[in-house]
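1. attaching a predicted model along with its sequence, questions to come.
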Amino acid sequence: MVVLDDLSTGFAENIPAGVEFHRLSVHDVAQVLTLDAGFDGVLHFAGRIEVAESVARPDVYWHNNVQGSLALLAAVRAAGTPRLIFSSTGSMYQAEGTEKLTEDARVRPRNPYAATKLMVDMMLAGECGAFGLGAASLRYFNAAGAVGRLGERHDPESHLIPIVLQVAAGQRDELLLYGDDYPTPDGTCVRDYIHVSDLATAHLLVLETIQPGPHEVYNLGNGNGHSNKHVVDAVRDVTGRAVPVKLAPRRDGDAAATVASSEKARRELGSQPAKPELHRIVADAWAFHRARH
Ligand SMILES: NC(=O)c1ccc[n+]([C@@H]2O[C@H](COP(=O)([O-])OP(=O)(O)OC[C@H]3O[C@@H](n4cnc5c(N)ncnc54)[C@H](O)[C@@H]3O)[C@@H](O)[C@H]2O)c1
Ligand SMILES: O=c1ccn([C@@H]2O[C@H](COP(=O)(O)OP(=O)(O)O[C@H]3O[C@H](CO)[C@@H](O)[C@H](O)[C@H]3O)[C@@H](O)[C@H]2O)c(=O)[nH]1
């Protein structure tokens, strides 16, 4: 296995021991992904991932996520790599309420980040049709939880669960809760959190099934919608700590609700999340947090 990452938001200490690593941008992947190297597949995770940042700096997102993926596809084609899995997003769908979103639900990206993911999904469909690549876009809903020393970690942190854990740990005074006037049961946004280990397992299942030619899309979530207030309650339960909350204006680009139907992944891949409960996901994230501080 070869890992390529420019470490723009990633951490060198997370790279498994013994793995060949290149600190390189995806734009320059052709330096490593050559015909001679004989790779049998690519897992494409590289990209910028933050909704609010993408609203403020759409140029960065088009460059990194779309142009970077174009460079990768050119290299994949030149090297004759037969299969590719792409980290797409469940946040591109247009939800009416908290209904479970299937892969054929209407898409309406609400921010440049989600738009870049949809654009790459469309590029992959074309690439498969024209050149015979076998590809899958995995539309993750909200990845969360942790596996041992590998967990959610951004600098600065912007994601809900790690921020609420920082508040519980006394490292932040309060959670700024972005909006409570959404058309959801308690007025706060609703998300579908999936354990990162269940996401990893789904990738392995997809790798076994990909055939040259088609482009497949799979939604990966648990089908459970949790409001932001519900996440705060789960953190209070798991940690036994207080979590002060201060209401703040809505965050630009946020969708009211995204909840997955992962029926297609279950049916076609045999994907069955082992850790679907929010409390388990939060408990694993809390264990990761405590081990680091
Ligand atoms: N975290 C989620 O809830 C979630 C949900 C849906 C999709 N995704 C997607 O999953 C993928 C991984 O997300 P994550 O949560 O682990 O985020 P992350 O920021 O921790 O990981 C992204 C990685 O890509 C690297 N990277 C960024 N730009 C690069 C470039 N130009 N060249 C090489 N490497 C580059 C970063 O250094 C980092 O290691 C992303 O594509 C993201 O959009 C994440
Ligand atoms: O300090 C905070 C941080 C977040 N939120 C809210 O919490 C919810 C979840 O936000 P966040 O954890 O930032 O995740 P999302 O914006 O839902 O996006 C994540 O989930 C998407 C898939 O659904 C991925 O594509 C993105 O990469 C990933 O960042 C949203 O309503 C935010 O407004 C707050 O209220 N306060």
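-> Perfect, I can see it now. Residues are numbered from 1 along each chain as shown. Ligands and ions are numbered 1, 2, ... in the order given.
2. neighbours of the residue lying closest to Ala52 once chain neighbours are set aside, just the number please.
-> Among residues not flanking Ala52 along the chain, Arg251 sits closest, at 5.6 Å (Cβ to Cβ, 6 or more residues apart in numbering). No exception for glycine: its C-beta is placed from N, CA and C like everyone else's. When neighbours are defined as other Cβ atoms under 10 Å, Arg251 has 15 of them.
3. for the stretch 151-293 of the chain, which residue gets nearest to ligand 1?
-> For the stretch 151-293 of the chain, the residue closest to ligand 1 is His154, as judged by Cβ to the nearest ligand atom, at 6.5 Å.
4. circling back to that earlier point, pLDDT at the residue nearest to Ala52, what is it?
-> pLDDT recorded at Arg251 is 94.
5. secondary structure element for it?
-> Under DSSP states H and E, no helix or strand contains Arg251.
6. Glu208 too?
-> Here Glu208 is assigned to helix 196-209, by DSSP H and E.
7. strand partners (parallel or antiparallel) of whichever helix or strand comes after that helix?
-> Downstream of helix 196-209, the next assigned helix or strand under DSSP H and E is strand 215-220. Using DSSP bridges, the strands paired with strand 215-220 are strand 134-140 (parallel).
8. quick one on the thing from earlier: the residue nearest to Ala52 against Val51, yeah?
-> Yes: using Cβ atoms under 8 Å, Arg251 is in contact with Val51, at 7.1 Å.
9. burial check on Ala274, number of neighbours?
-> Neighbour number of Ala274 under other Cβ under 10 Å is 9.
10. OK, contacts around the residue nearest to Ala52?
-> Counting by Cβ atoms under 8 Å, 6 or more residues apart in numbering, Arg251 touches Val51, Ala52, Tyr178, Gly179.
11. could you report the neighbour count for the first one?
-> Residues within reach of Val51, counting by other Cβ under 10 Å, total 20.
12. please give me every residue in contact with it.
-> Ser91, Asn111, Tyr113, Ala114, Arg251, Asp252, Gly253, Asp254.
13. are any of those residues buried, and which?
-> Neighbour-count burial (16 or more other Cβ atoms under 10 Å) is assigned, among the contacts of Val51, to Ser91, Asn111, Tyr113, Ala114, Gly253, Asp254.
14. surely the fifth one touches Glu50?
-> No: here Gly253 lies out of contact with Glu50, judged by Cβ under 8 Å, at a distance of 9.6 Å.
15. what's the overlap in contacts for those two?
-> By Cβ under 8 Å, 6+ apart, the residues touching both Gly253 and Glu50 are Tyr113.
16. re earlier: mind telling me what element the residue of the stretch 151-293 of the chain closest to ligand 1 is part of?
-> Per DSSP H and E, there is no helix or strand for His154.
17. okay, now it: neighbour count?
-> His154, neighbours per other Cβ under 10 Å, totals 12.
18. likewise the one 4 residues further on?
-> With neighbours defined by other Cβ under 10 Å, the count for Ser158 comes to 14.
19. packing partners of the helix holding Glu208?
-> Applying 3 or more Cβ pairs under 8 Å, 6 or more residues apart in numbering; DSSP states H and E, we find helix 196-209 packed against strand 83-89, strand 134-140, strand 142-144, strand 146-147, strand 215-220, helix 263-269.
20. who touches the second one?
-> The list of residues contacting strand 134-140 from outside it, by Cβ under 8 Å, 6+ apart, reads 82-90, 92, 103, 117, 120-121, 124, 127-128, 194, 199, 202-203, 206, 210-221, 260.
21. near ligand 2 too, which of those?
-> Thr89, Gly90 (Cβ under 6 Å from any ligand atom).
22. mind giving me the ChimeraX select for the contacts of strand 134-140, buried ones only?
-> Buried residues among those (16+ other Cβ under 10 Å), as a ChimeraX selection:
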select :82,83,84,85,86,87,88,89,90,92,103,117,120,121,124,127,128,194,199,202,203,206,210,215,216,217,218,219,220,221,260
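23. that concludes my questions; thank you for your assistance.
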